[in-house]
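J.: Here is the input, now give the coordinates:
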Amino acid sequence: MNATTEDSIHGDPRYVNYKFDPFTFPFLVAFIPLIYLIPTVFVIMFILKVFIRRLLTKKHDLMNPHVFLVIVLSQVTNFGYTLADYFVIRAPSTGIMTSWCASQKPNHFLKIIFFFSIYFNYTAFLFPLLLSVLRLIPFNYPTRQKQLCSKVVEFSIPFIFLYPCIFTFTLNPALGLCRQYNVLYQFGHIYVFFINNWFNVKLDNFLVPNAIFWLFLCTITNVISYRKMKVLRNKQKSKKLQRAERSLTLTTVSMLSAHINNLIFVMIYMFYFSVSAYLAALRPFGNNFDIVFSTMIFYSTHPVFKKRATTNAFFNVRALNL
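T.: Residues are numbered from 1 along each chain as shown. A predicted model of the protein is given here:
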């Protein structure tokens, strides 16, 4: 991932004088995500409200509070990624930013937008793994699960938010710019990129190995977790706890879509650049799958969001096993 000023549209009179036309296919397509993202935001806000309420009232009957926290943070950061990616790819591709962008010099504001699209990409890799690890702890350390979950979360969450900086710090001196799509899109349909990062490092060289590594670990932990949950399900008579376990399993698996989608796109970008422009139109929809489906699956399947949640001694004993 690198560019030169020759690739940019900045200062080019053709782009400065570009007239935006809202009656184009890319502009209409850009509105499609709003149909499902706006309701998803409200659901995330409701989930956050339930989390805070149960945290304050210390009701942990159906949900390990550490697991709940990780899911909430994952949803919030995934929304950040969706928003950043929207302004890097989807909005510029409509032509709505073309004249403004061409009138600017390469700047740090555009770089920051691009940075967040990469930053939240990394966090999307890590939260599903953390969720899987937290669900495995009770099986191996049933008597120390609360303390261990707390320690794992205290270490892992700061690590997750700092980890992307290891691979993006080279963007510090970089400047953001806008570039014209080479194929598929009409003249004036652009995307946000960067120039002049330290050492001219290609960010894809880090992104692909990370995606493969974390996807592999997450898949392994999910398989182990599923097998252990299957054994527990055969012994467990509580239908409500079984639904909670099933909900968390489905939620964790749905989070993996971000890994797979971004890995496929980045590898095609690296090895088949001419084809990547066609996939760029579909990539945001793949990214939206993660935040929309993981959020809706969690909300619609977990009994913690049912209005008449029953709490009893049995739930209190088994809650941390989730």
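
J.: pLDDT on stretch 23-32, on average?
T.: Stretch 23-32 carries an average pLDDT of 83.

J.: what sits up against that stretch?
T.: With contacts defined as C-beta atoms under 8 Å, 6 or more residues apart in numbering, stretch 23-32 is touched by 21, 90-91, 93-96, 185-186, 189, 281, 285. Where you see a C-beta, it was placed from the backbone N, CA and C, and this is true even at glycine.

J.: ok, and the most crowded of those residues?
T.: residue 93 (27 neighbours; other C-beta atoms under 10 Å).

J.: Surely that one touches residue 191?
T.: Yes - the criterion here is C-beta atoms under 8 Å, and residue 93 meets it with residue 191 at 6.3 Å.

J.: Summarise which helices and strands the one helix or strand residue 256 maps to is packed against.
T.: Secondary structure from DSSP states H and E places residue 256 in helix 239-271. Judged by 3 or more C-beta pairs under 8 Å, 6 or more residues apart in numbering; DSSP states H and E, the packing partners of helix 239-271 are helix 65-85, helix 108-140, helix 204-235, helix 273-280, helix 283-301, helix 313-318.

J.: which residues are contacting stretch 215-226?
T.: 125, 128-129, 132-133, 135-136, 249, 252-253, 256, 259-260, 263.

J.: which regions of the protein lie under the pLDDT threshold?
T.: Counting by pLDDT under 70, the low-confidence segments of the chain come to 1-6, 59-62, 183-184, 232-238, 258, 270, 272-282, 307-322.

J.: mind redoing it with 80?
T.: 1-7, 57-63, 139, 142, 182-185, 226, 228-245, 256-290, 306-322 (pLDDT under 80).

J.: which residues touch the residue nearest the centre of it?
T.: Residue closest to the mean C-alpha point of the chain, counted by C-alpha atoms, centre = their mean, is residue 78 at 3.2 Å. Counting by C-beta under 8 Å, 6+ apart, residue 78 touches 120, 124, 258, 290-291, 294.

J.: A ChimeraX selection for these, restricted to the buried ones, would help me check which they are.
T.: Filtering these down to the buried ones (16 or more other C-beta atoms under 10 Å) takes a single ChimeraX command:
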select :120,124,258,290,291,294
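
J.: returning to what we had before: quick one: buried ones out of the contacts of stretch 215-226?
T.: Neighbour-count burial (16+ other C-beta under 10 Å) applied to the contacts of stretch 215-226 gives 125, 128-129, 132-133, 135, 249, 252-253, 256, 259, 263.

J.: which one of those residues is nearest residue 145?
T.: residue 135 (10.4 Å; C-beta to C-beta).

J.: Now that closest one: closest residue in space, sequence neighbours ignored.
T.: Distances taken as C-beta to C-beta, 6 or more residues apart in numbering place residue 225 nearest to residue 135, at 5.2 Å, with adjacent residues excluded.

J.: Next, work out how far apart the one you found and residue 241 are.
T.: For residue 225, the distance to residue 241 (C-beta to C-beta, to the nearest Å) stands at 15 Å.

J.: wait, what's in contact with residue 228?
T.: Residue 228 touches 136, 139, counting by C-beta under 8 Å, 6+ apart.

J.: Mind putting the helices and strands packed on helix 239-271 into JSON lines with distance to residue 45?
T.: Listed next are the helices and strands packed on helix 239-271 as JSON lines, based on distance: least, C-beta to C-beta, whole Å:
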{"stretch": "helix 65-85", "distance to residue 45": "10"}
{"stretch": "helix 108-140", "distance to residue 45": "19"}
{"stretch": "helix 204-235", "distance to residue 45": "27"}
{"stretch": "helix 273-280", "distance to residue 45": "30"}
{"stretch": "helix 283-301", "distance to residue 45": "11"}
{"stretch": "helix 313-318", "distance to residue 45": "26"}
